[in-house]
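Novice: With the sequence up front, the predicted model follows.
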Amino acid sequence: MNIQEQEMAKSQATTPNSTSHNLSGIRKVLGFIYHNNKPWAVPYYILKGVIFQLFKRITNRVFSKRLFNGKEIFIFPKCVISSFLVYSHIPDHLEINLLRELANEDTVFLDIGANIGSYSIMLMDVVGEIHAFEPHPVTASRCKMNFLLNGYPAQTVHQLALNDF
């Protein structure tokens, strides 16, 4: 076996099979749907997820969704966080419900690693002030769009990485 054949065999051995990769992704999505919804709602969110996957692949369009707290958020077709918002009534419901319980109008919420601002939007109706920090320019722009969609100032989204050094 020459060097090229060895490299080819090596790459084929380490490259995941497309089918097994897809099945792994489907298992993860189904697990998320199962763990983040009430049992009677699971079939509804599976169907909703299938429709969303078809819609985003066919149209590649952004749309908005009304959340449980009356706020809206843009759903972006190639964004994992957006998918979570489609697959569940309240994504990360344990964390969000705890934060909502602890928050009041005097709370200043710092959303560090805000991504598209989903946590901020889900808490926007119960906190006094929000500052979202997202270093990636495209994602920070999406976060600003979501803040503006809800009448919240885009200046409170900071395109900045934070660390504990």
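Specialist: Noted; the coordinates are in hand.

Novice: Sheet partners, orientation included, of the helix or strand where residue 73 lies?
Specialist: Assigned by DSSP states H and E, residue 73 belongs to strand 72-75. Looking at strand 72-75 with DSSP bridges, its partner strands are strand 63-66 (antiparallel).

Novice: Quick test: name the residue nearest the centre of this structure.
Specialist: When CA atoms, centre = their mean is applied to the chain, the residue found nearest the centroid is residue 81 (1.0 Å).

Novice: so what's that residue up against?
Specialist: 115, 116, 118 (CB atoms under 8 Å, 6 or more residues apart in numbering). Every C-beta, even on glycine, is put in place using the N, C-alpha and C of the backbone.

Novice: Name the member of those with the most neighbours.
Specialist: Neighbour tally across the contacts of residue 81 (other CB atoms under 10 Å): the maximum, 27 neighbours, falls on residue 116.

Novice: follow-up on the earlier one: which ones among the contacts of residue 81 are found in helices?
Specialist: Of the contacts of residue 81, the ones assigned to helices by DSSP state H are residue 118.

Novice: Over to residue 19. Which of the three states is it?
Specialist: Secondary structure for residue 19, judged by DSSP: H, G, I helix; E, B strand; the rest coil, is helix.

Novice: how many neighbours does it have?
Specialist: Residues near residue 19, counting by other CB under 10 Å, number 8.

Novice: now the one helix or strand residue 109 maps to: how far from the chain's centre is it?
Specialist: Secondary structure from DSSP H and E places residue 109 in strand 108-112. Relative to the centre of its chain, strand 108-112 is centred 17 Å away, using CA atoms, centre = their mean, to the nearest Å.
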